[in-house]
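Undergrad: Quick check, what structure comes out for this input:
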Amino acid sequence: MSETNQQNVEEPSAPTLETLIAPVLDPLRGRAGLGTLIRAAIAGQIRCLDIVDELNVRFNALLGRYVNNPEGFRDLLDNTESVISGSFALRFMEGSGRWREGDMDLYVEPGSLERVKESLREEGYEDIHTAHDGREYRRAGGTIERVVGMTNVTRNVRIDVIVSSKKISVYPIADFWATHLMNFLSGSVICVGYPETLDNAGFVIPGRMEDWKVPILLGKYLRRGFNFPPMPAELRGIVRYFGDSECIVIPVRRGGRVFCGGPIANSVVWKV
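TA: You can find the predicted model right below:
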């Protein structure tokens, strides 16, 4: 081979970790459920940081339906220790986009309400109603001080700002009627109360909702692909709190504030 030809020959570059991971991650990006991503990480197919980056992009994309500045909104969540729960959080975990939430449920502690409302008004939202007893969300309104409905006509979306009756935003979430809803998103982490939720399964908690409402609510989530097997006996009677060893807590952006219910989260306990 001539000297000229030798100079034109390029050595093949060694594959980077990113190029090795991409074929695994790309088919999952934007469509895989959180459980699938976690299992892929456990199997060594995906780096944990790749999952964090994927969840960061996913969160901002879903928030883009509601606000102009998703990152700024997430900073608001962290700075006020507010969280998103309900169908929005479930859709975030489910990933595939087979269904869409009707609105966003935003949980705040009483001292943060005005700051959150003002931020939403800057995003074009207006107050539409206030329900002071929280009966839309549970049988008795003991965990909810009030619910402020806010709508953005231009975007055709609604956010229900749900005010906790204690100085901790996650207090009402511990009182939900079924375990698949006991999750929340802060600006920086997702906290999943029951791992079964990642497999689209939940357990109905007796006595937390009027009996006639339960079949209606179940129908809503059955149509979304959830199933509700009998609750295992080993789950009954265990004292739980958000952030305990049974929860799954995963960052949804790098370097974010790790908030899992606030400094008194372990005071919000429940049993099923």
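
Undergrad: average pLDDT for stretch 162-175?
TA: Averaging pLDDT along stretch 162-175 yields 92.

Undergrad: Extract the C-alpha trace of that stretch and format it as PDB.
TA: Output of stretch 162-175 as PDB, limited to C-alpha atoms (Å, rounded to 0.1, in the frame of the first residue of the first chain):
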ATOM      1  CA  ILE A 162     -56.100  21.000  46.000                       C
ATOM      2  CA  VAL A 163     -55.300  22.600  49.400                       C
ATOM      3  CA  SER A 164     -54.300  20.200  52.200                       C
ATOM      4  CA  SER A 165     -55.800  20.700  55.600                       C
ATOM      5  CA  LYS A 166     -52.300  20.300  57.100                       C
ATOM      6  CA  LYS A 167     -49.100  22.100  56.400                       C
ATOM      7  CA  ILE A 168     -47.900  19.400  54.100                       C
ATOM      8  CA  SER A 169     -49.100  19.000  50.500                       C
ATOM      9  CA  VAL A 170     -49.100  15.200  50.300                       C
ATOM     10  CA  TYR A 171     -51.500  14.700  53.300                       C
ATOM     11  CA  PRO A 172     -54.700  14.100  51.200                       C
ATOM     12  CA  ILE A 173     -52.800  11.600  48.900                       C
ATOM     13  CA  ALA A 174     -52.400   9.200  51.800                       C
ATOM     14  CA  ASP A 175     -56.200   9.100  52.100                       C
END
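
Undergrad: how about stretch 87-97: buried residues?
TA: Residues S87, F88, A89, L90, R91, F92, M93, E94, G95 are the ones in stretch 87-97 that count as buried (16 or more other C-beta atoms under 10 Å). For the C-beta atoms, the positions are set from N, CA and C on the backbone; glycine is no exception.

Undergrad: Can you add distance to M104 and pLDDT and give those back as a markdown table?
TA: Shown next, in a markdown table, are those (distance: C-beta to C-beta, whole Å; pLDDT from 0 to 100):
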| residue | distance to M104 | pLDDT |
| --- | --- | --- |
| S87 | 8 | 93 |
| F88 | 5 | 95 |
| A89 | 9 | 95 |
| L90 | 12 | 93 |
| R91 | 10 | 92 |
| F92 | 11 | 93 |
| M93 | 15 | 91 |
| E94 | 15 | 87 |
| G95 | 17 | 81 |
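
Undergrad: List just the nearest of those to K220.
TA: Within these, the smallest distance to K220 is 8.7 Å, found for S87 (C-beta to C-beta).

Undergrad: my read: that closest one touches D105, true?
TA: Yes: with contacts counted by C-beta atoms under 8 Å, S87 reaches D105, the gap being 7.5 Å.

Undergrad: Beyond the helix or strand bottoming out on mean pLDDT in the chain, next helix or strand please.
TA: Every helix and strand of the chain was ranked by mean pLDDT, DSSP states H and E. The lowest is helix 17-25, at a mean of 42. Using DSSP states H and E, the helix or strand that follows helix 17-25 towards the C-terminus is helix 34-42.

Undergrad: So which elements touch the next helix or strand after that next one?
TA: Where DSSP H and E defines the elements, the next helix or strand beyond helix 34-42 is helix 48-63. Counting contacts by 3 or more C-beta pairs under 8 Å, 6 or more residues apart in numbering; DSSP states H and E, helix 48-63 is packed against helix 17-25, helix 34-42, helix 70-80, helix 87-94, strand 248-251.

Undergrad: mind redoing it with 7 Å?
TA: helix 34-42, helix 70-80, helix 87-94 (3 or more C-beta pairs under 7 Å, 6 or more residues apart in numbering; DSSP states H and E).

Undergrad: beta partners of V163?
TA: Beta-bridge partners of V163, counted by DSSP bridges, are V108, R146.

Undergrad: make that I159, sorry
TA: Residues in beta-bridge contact with I159 (DSSP bridges): M104, M150.

Undergrad: Next up, the contacts around it.
TA: Y66, D103, M104, L106, L120, Y125, M150 (C-beta atoms under 7 Å, 6 or more residues apart in numbering).
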